[in-house]
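Q: missing the sequence, but the structure's below:
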């Protein structure tokens with residue numbers, strides 16, 4: 001059976017909880033308030049993402065269906081609607097894996113069958129990849145608009161200095177003057193929402209790292225200085241949406257990189273500045289190993305990796321970046337293009 005061409009499908013417009021409402025409007029997205037039907041029946045409807053748990057419980061209890069790694073699906077609403085459409089005229093068992101379990105009932109053991117929908121099926125993998133690419137394109141588009149926005153106006157979280165125009169000036173100021181570094185501006189997205197969230201925590205007298213609450217602002221500032229807590233909590237997933245790296249590949253996030261840079265709480269070392277490598281957009285997070293774009297070669301040394309690609313694959317990303325004057329957005333698009341071409345055994349010229 002030939003896999004359908006995903007790009008040609010007409011997905012109903014849906015809101016994405018990772019995008020602020022004003023961002024969705026500016027991107028031309030239509031925010032749908034309509035609940036979607038169960039992918040297996042028409043007897044239940046769910047409003048996503050708020051009723052995600054109820055949807056999954058319904059699928060399990062009523063249809064004995066489990067969706068694998070549902071937390072990694074970029075747009076669950078579109079995912080459900082796609083499979084709803086596909087399963088209309090197809091046998092579900094053509095797509096689902098069957099899991100047999102034994103259930104003890106009093107003195108007898110009954111065998112039960114459950115279904116698993118996962119990316120081990122090529123079409124499901126293709127769908128998840130398509131949704132991931134679509135979300136990445138939206139995120140990068142939003143990030144580019146933020147970089148070009150000249151109407152930005154916001155005060156520093158730590159002092160009375162005010163910044164207008166380029167928001168990178170504010171982030172650089174907080175890193176250099178207040179030792180508060182949450183990453184390079186080129187690696188961030190939805191920055192207005194991020195700054196509002198940080199401001200809200202400060203106003204609630206909450207430490208950004210350990211998230212303890214203090215009696216007044218001076219005590220909070222002294223705590224963050226002494227404990228080296230001038231950073232955000234890497235274990236708090238609510239920050240994931242603000243880092244572009246989380247959208248590059250399914251299942252990848254920033255926590256491992258950030259947590260490796262943490263310092264012990266009782267250290268007196270005041271040098272807590274963080275340097276972000278300009279190649280972070282294409283570094284994998286397996287023990288800080290960077291992966292070659294053309295083969296499985298890895299190295300923790302970016303220079304060695306560049307030499308490897310230049311000598312073995314005749315490709316110098318740094319030279320291409322400088323020659324074409326690529327910005328971060330364009331670099332990410334280039335890297336993703338190369339990866340897709342390599343995956344289908346086409347080496348880009």
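A: Received the coordinates, thanks. Since the structure is predicted, the reported quantities are computational estimates derived from the model, not experimental observations.

Q: For residue 67, give me phi and psi.
A: Backbone torsions of residue 67, given as degrees, to the nearest 10, read phi -100, psi 120.

Q: count of neighbours near it?
A: 21 (other C-beta atoms under 10 Å). C-beta: built from backbone N, CA, C; applies to glycine.

Q: any idea how far the residue nearest to residue 249 when sequence neighbours are not counted is from residue 164?
A: In this structure, residue 249 finds its nearest non-sequential neighbour in residue 132, 7.5 Å apart by C-beta to C-beta, 6 or more residues apart in numbering. The gap separating residue 132 from residue 164 is 35 Å, by C-beta to C-beta, to the nearest Å.

Q: The two - which one has more neighbours?
A: Legend: neighbour count by other C-beta under 10 Å for residue 132 and residue 164, higher for residue 132 (19 against 12).

Q: distance of the more buried one from residue 72?
A: Residue 132 is 9 Å from residue 72, by C-beta to C-beta.

Q: same check, this time on residue 307
A: 34 Å.

Q: For the closest residue in space to residue 309 that isn't next to it in sequence, list the residues it contacts.
A: Sequence neighbours aside, residue 315 is the residue nearest to residue 309 in space, at 4.9 Å (criterion: C-beta to C-beta, 6+ apart). Neighbouring residues of residue 315 by C-beta atoms under 8 Å, 6 or more residues apart in numbering: 293-294, 309.

Q: repeat for residue 217
A: Residue 217 neighbours (C-beta under 8 Å, 6+ apart): 202, 205.

Q: If we use 10 Å, what do you get?
A: If you count contacts by C-beta atoms under 10 Å, 6 or more residues apart in numbering, residue 217 has them with 202-203, 205.

Q: Now neighbour count too, for those residues, in JSON lines please.
A: Listed next are the contacts of residue 217 as JSON lines, based on neighbours: other C-beta atoms under 10 Å:
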{"residue": "202", "neighbour count": "17"}
{"residue": "203", "neighbour count": "9"}
{"residue": "205", "neighbour count": "14"}
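
Q: could you give me the average pLDDT of the helix or strand containing residue 139?
A: Per DSSP states H and E, residue 139 falls inside helix 122-148. For helix 122-148, mean pLDDT is 92.

Q: Now that helix: buried residues?
A: Under the neighbour-count criterion of 16 or more other C-beta atoms under 10 Å, helix 122-148 has 123-124, 127-136, 138-140, 142-143, 146-147 buried.

Q: can you pull the pLDDT of residue 160?
A: Taking residue 160 on its own, its pLDDT is 90.

Q: how close does it sit to residue 54?
A: 47 Å.

Q: When these two are compared, which one has more neighbours?
A: residue 54 (13 against 6).

Q: Tell me which residues touch the closest residue to that one other than its chain neighbours, please.
A: Once flanking residues are discounted, residue 54 sits nearest to residue 46: 5.9 Å by C-beta to C-beta, 6+ apart. By C-beta under 10 Å, 6+ apart, the residues touching residue 46 are 35-38, 52-56, 58-59, 76-77, 80.

Q: Mind doing that once more with 7 Å?
A: 35-36, 54-55 (C-beta atoms under 7 Å, 6 or more residues apart in numbering).

Q: and the residues you listed, which two are the farthest apart?
A: Maximum pairwise distance among these (C-beta to C-beta): 12.0 Å, between 36 and 54.

Q: Can you name the residues in contact with stretch 148-163?
A: Contacts for stretch 148-163 (C-beta under 7 Å, 6+ apart): 164-165, 167, 169-170, 173-174, 178, 180, 195, 198-199, 202.
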